[in-house]
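In: Fold the following and give me the result.
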Amino acid sequence: MASIQPLGQRVLVKRLAADEVSAGGIVLPDTAKEKPQEAEVTALGTGGKDDNGNDFVFTVKVGDKVLISKYGGTEVKIDGEELLILSESDILGIVS
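Out: Below you'll find the predicted structure:
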């Protein structure tokens, strides 16, 4: 099984499943579903330095459930699994 190690201040996430049924009880086909904005962090980048030369510290950790921007990041497919690489700044918040 292949794995991806993001570089710099990037984060690898896996989108969580979208709702199968609308609020009104209608079953949604795949083409009508929006991409979910909730994801799980699967890997962190290598870090780096911020503008002041200090080590960059990630706010999220592997296993966190997060909200991501709708159109941010780059989609990749590894071993049939769809993942997303995005900058930590594209993460809107941590879901608790």
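
In: So what sits opposite the residue nearest the centre of the chain in the bridge?
Out: Most central in the chain under Cα atoms, centre = their mean is Val13, positioned 3.2 Å from the mean C-alpha point. Using DSSP bridges, the beta-bridge partners of Val13 come out as Val41, Leu84.

In: where's Glu38 relative to Lys70, distance?
Out: Glu38 sits 11 Å away from Lys70 when distances are taken as Cβ to Cβ, to the nearest Å. For the C-beta atoms, the positions are set from N, CA and C on the backbone; glycine is no exception.

In: related to what we said a few turns ago, so what's the residue nearest to the centre of the chain up against?
Out: Going by Cβ atoms under 8 Å, 6 or more residues apart in numbering, Val13 touches Ala39, Glu40, Val41, Thr42, Val66, Ile68, Gly73, Leu83, Leu84, Leu86.

In: List the residues that contact Gly8.
Out: So Gly8 contacts Gly45, Thr46, Gly47, Gly48 (Cβ under 8 Å, 6+ apart).
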